[in-house]
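Enquirer: Everything below, folded, please.
(one chain, ligands or ions: 1)
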Amino acid sequence: MVPPARPRKLAKVPFVELADGRLQGVVSSGSDIERVYVSSVAAGTYAFACSTNNNRPCGGARGGFCNHILALVREAVLQYGAERVARYLRVEIVDAEPSEQTIASTMMSARPPQADSAAAASVFSRFLRHLAYLELAPTTLPVPEMQWFPPSRAVA
Ligand SMILES: [Zn+2]
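Expert: Purely as a prediction, here's the structure:
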């Protein structure tokens, strides 16, 4: 992770990255603090996916980008700058500067397909590592940020 181009609100979007050929990350639910959404958009095709940490499909992402994906675009622009986000996702913007709005609207006007949710597990495990290794001091005590993960599930 590089330092953000501009300050981000980590509570809303705790994790965003350009990796694995996708813009991907984790977005907090607006209504339920125990729920997060794992969202992604693929470079080139803009194929999108959004599901909860419990692997339920996001109701807002049927047929188009949901608010979580739009929040991810917004945070990615803050984190990486609009030019870099547009270049990574291969969004060609004509007659305008790359921005959160032009990047999102250009991708949406391409009528992107819905991706399968296979990416979600890998995004979530990257989020876990991000929390564990980059933000939290080593500890053997319970970590509240980890409560999304059922204790029985092994994470590679
Ligand atoms: Zn969503």
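Enquirer: going forward, measure contacts between C-alpha atoms and count neighbours the same way
Expert: Noted.
Enquirer: in the protein, which spans are strands?
Expert: 15-19, 22-28, 36-42, 48-52 (DSSP state E).
Enquirer: So for the protein, the centremost residue is which one?
Expert: residue 25 (2.1 Å; Cα atoms, centre = their mean).
Enquirer: ok, now which ones touch that one?
Expert: Contacts for residue 25 were tallied using Cα atoms under 8 Å, 6 or more residues apart in numbering; they are 13-17, 38-40, 72, 123-124, 127.
Enquirer: Please name the bridge partners of it.
Expert: As for beta bridges, residue 25 partners with residue 16, residue 39 under DSSP bridges.
Enquirer: Go through the strands of the chain and name the closest to residue 79.
Expert: The minimum distance between residue 79 and the strands of the chain falls on strand 15-19, with 8.0 Å, by Cα to Cα.
Enquirer: Name the residues that touch the closest one?
Expert: Here strand 15-19 has contacts from 1, 23-27, 72, 75-76, 79, 85, 88, 127, 130, using Cα under 8 Å, 6+ apart.
Enquirer: Quick one: buried ones out of those?
Expert: When burial is judged by neighbour count using 16 or more other Cα atoms under 10 Å, the buried members of the contacts of strand 15-19 are 23-27, 72, 75-76, 79, 85, 88, 127.
Enquirer: Relative to the ion, which of the residues you listed is nearest.
Expert: residue 27 (8.3 Å; Cα to the ion).
Enquirer: For that closest one, which non-adjacent residue is closest in space?
Expert: residue 13 (4.5 Å; Cα to Cα, 6 or more residues apart in numbering).
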